[in-house]
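>>> Quick one: sequence and predicted model below, then my questions.
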Amino acid sequence: MKKTVVALVLSFILLPLFTTNGHSTVFQITDNTTNDYRPSLYGGTIAWHNSGIYYWDGNSSTQITDNGTYPSLWNNTISWSGHDGNDEEIYYWNGSSVIQVTNNDTYDYMPSLYDGNIVWYGWDGTEDIEISLWDGSAISSVTNNVNQDYNPSLYNGTVAWAETIGYNPSEILYWDGSSTIQVSNNTGNNHNPSLYNGAIAWEGNYGNPDGEIYYWDGSTTTQITNNNTVDRAPSLYGDAIAWYGWDGTDYEIYWWKDGVTLQLTDNTTDDKYPTLYNGNIAWYGWDGNDYEIYYWDGDKEAAPVPEPATILLVGSGLITLLGLVRKRHL
């Protein structure tokens with residue numbers, strides 16, 4: 001049964017950034033004493049995991065289940081992986097009730113949800129992991145080989161994922177619904193693809209010596225970052241990409257659009273795993289005590305209320321810096 005857990009935490013800050021209306025706001029969505037991780041963003045709503053799966057509808061937060069990790073959100077529905085008492089299975093919340101999608105003796109992880117369809121990776125019972133697809137009624141295999149296939153991303157019936165063959169570096173593959181092609185080709189490992197309308201962003205060349213962000217538009221690959229630090233876990237929407245990267249002290253959130261890279265956060269604590277939707281970004285960050293969920297609205301203007309972090313804009317030589325102010329509690 002669902003239960004309302006916490007009201008919206010109004011801990012916001014107003015910042016001028018490069019947006020269509022010249023305004024943007026950072027919202028602190030959670031404010032508690034436990035860790036909140038891995039948000040998924042869709043149209044101004046957010047799902048994340050803590051001691052279960054939580055959902056913020058733009059006004060208040062609801063606990064969907066008391067266990068689960070790696071939520072994927074699509075239009076007020078959520079998929080996640082959760083323990084059934086024996087192993088990890090895939091679950092789906094359709095907005096009113098929870099459906100258990102898988103029921104087997106192997107582990108199923110990290111679902112990606114799109115319009116009632118779900119992909120995930122799971123152990124096939126032999127010596128490797130494969131990608132599976134649920135179309136709302138039946139489960140089919142996207143991969144069936146002796147390789148390690150993982151980290152799938154789903155968009156409108158197409159799938160991107162990472163694959164490792166033997167001891168070779170992992171590569172990014174793309175399935176258009178009928179055939180599969182290899183997208184990446186370098187000497188380092190490639191992980192965490194994010195798929196949008198036939199284009200893919202991913203974390204490439206990891207460990208050789210660091211990791212960079214790459215973007216494939218369906219025909220040509222572009223290297224987005226080129227530095228000596230780690231850049232990880234991109235999220236792609238339209239022609240924009242968000243990711244987190246090392247700034248020399250800690251991990252911060254970055255955003256790339258139209259050939260320009262902006263550093264969205266700049267503080268002394270870690271900000272990780274952004275999720276991007278239509279110019280807005282959610283992520284989890286350390287508030288000095290634990291990890292909380294933050295949301296940057298690149299399209300709205302709201303009244304300023306302090307947030308416990310200093311946010312920085314870097315672009316065209318312009319830096320806008322706001323001071324650190326105390327955190328507001330419920």
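That came through, no problem. Residues are numbered from 1 along each chain as shown.
>>> Which strand or helix spans the closest residue to residue 289 other than its chain neighbours?
Residue nearest to residue 289 in three dimensions, not counting chain neighbours: residue 33, with 6.7 Å by CB to CB, 6 or more residues apart in numbering. The C-beta positions use only the backbone N, C-alpha and C, and glycine is treated the same way. Assessed by DSSP states H and E, residue 33 sits outside every helix and strand.
>>> tell me the mean pLDDT for stretch 65-82?
For stretch 65-82, the mean per-residue pLDDT is 97.
>>> Go through that stretch and flag the buried ones.
When burial is assessed from 16 or more other CB atoms under 10 Å, stretch 65-82 yields the following buried residues: 65, 68-74, 77-82.
>>> Distance to residue 293 added to these, as CSV?
Putting these into CSV (distance: CB to CB, whole Å) gives the following:
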residue, distance to residue 293
65, 17
68, 15
69, 15
70, 15
71, 11
72, 15
73, 12
74, 18
77, 19
78, 15
79, 18
80, 15
81, 19
82, 19
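>>> ok, the residues you listed vs residue 95, which is closest?
Nearest to residue 95 among the buried residues of stretch 65-82, counting by CB to CB, is residue 77 at 5.6 Å.
>>> per-residue confidence at the residue nearest to residue 289?
Looking at residue 33, the pLDDT reads 96.
>>> got it, and residue 311?
In the predicted model, residue 311 carries a pLDDT score of 35.
>>> related to what we said a few turns ago, is it true that the residue nearest to residue 289 touches residue 288?
No: Residue 33 lies out of contact with residue 288 (CB atoms under 8 Å); the separation is 11.6 Å.
>>> so of the buried residues of stretch 65-82, which ones are in strands?
The members of the buried residues of stretch 65-82 that map onto strands under DSSP state E are 65, 69-74, 77-82.
>>> Neighbours of residue 123, how many?
17 (other CB atoms under 10 Å).
>>> Quick check, it in contact with residue 129.
Yes: if you go by CB under 8 Å, residue 123 and residue 129 touch, sitting 5.4 Å apart.
>>> What's the end-to-end length of stretch 27-38?
Across stretch 27-38, the terminal residues are separated by 16 Å (CA to CA, to the nearest Å).
>>> Just grab the bridge partners of the residue nearest to the spatial centre of the chain for me.
Nearest to the geometric centre of the chain sits residue 275, at 4.0 Å (CA atoms, centre = their mean). Counting by DSSP bridges, residue 275 is bridged to residue 282.
>>> OK, contacts around it?
Taking CB atoms under 8 Å, 6 or more residues apart in numbering, we find residue 275 in contact with 39, 40, 41, 235, 242, 281, 282, 283.
>>> Apply 6 Å and report the result again.
Contacts for residue 275 (CB atoms under 6 Å, 6 or more residues apart in numbering) come out as 39, 40, 41, 235, 282.
>>> for the first one, helix, strand, or coil?
In this case it means residue 39. Under DSSP: H, G, I helix; E, B strand; the rest coil, residue 39 falls in the strand class.
>>> which ones are touching it?
Residues near residue 39 by CB under 6 Å, 6+ apart: 46, 48, 275, 282, 293.
>>> again, 10 Å this time
Residue 39 makes contact with 29-30, 46-49, 54, 56, 71, 73, 273-275, 281-284, 293-295, according to CB atoms under 10 Å, 6 or more residues apart in numbering.
>>> just residue 89 next, same as before
Contact partners of residue 89, counting by CB under 10 Å, 6+ apart, are 68, 80-83, 100-104, 106-109, 120, 122.
>>> Please identify which of these is nearest to residue 197.
Relative to residue 197, the closest of the contacts of residue 89 is residue 120; by CB to CB it sits at 21.0 Å.
>>> Who does residue 37 form a beta bridge with?
Per DSSP bridges, the residues bridged to residue 37 are residue 49.
>>> wait, isn't it in contact with residue 69?
Yes: Residue 37 is within contact range of residue 69, at 7.6 Å (criterion: CB atoms under 10 Å).
>>> okay, and the common contacts of those two?
48, 49, 50.
>>> Confirm for me that the last one is in contact with residue 64.
Spelled out, that is residue 50. No: applying CB under 10 Å, one finds residue 50 not in contact with residue 64, separated by 11.1 Å.
>>> Give me the helix or strand of this protein that scores worst on average pLDDT.
Lowest mean confidence among the helices and strands of the chain (mean pLDDT, DSSP states H and E): strand 318-321, at a mean of 30.
>>> roughly how far is the host helix or strand of residue 111 from the heart of the chain?
Using DSSP H and E, residue 111 falls within strand 108-114. Between the centre of strand 108-114 and the centre of its host chain there is 12 Å, according to CA atoms, centre = their mean, to the nearest Å.
>>> which of the residues in it are buried?
Neighbour-count burial for strand 108-114, counted by 16+ other CB under 10 Å, picks out 108, 109, 110, 111, 112, 113, 114.
>>> How about stretch 255-263?
255, 256, 257, 261, 262, 263.
>>> Ok, stretch 146-159 next?
The neighbour-count check on stretch 146-159 (16+ other CB under 10 Å) flags 147, 148, 149, 150, 151, 152, 153, 154, 155, 158, 159 as buried.
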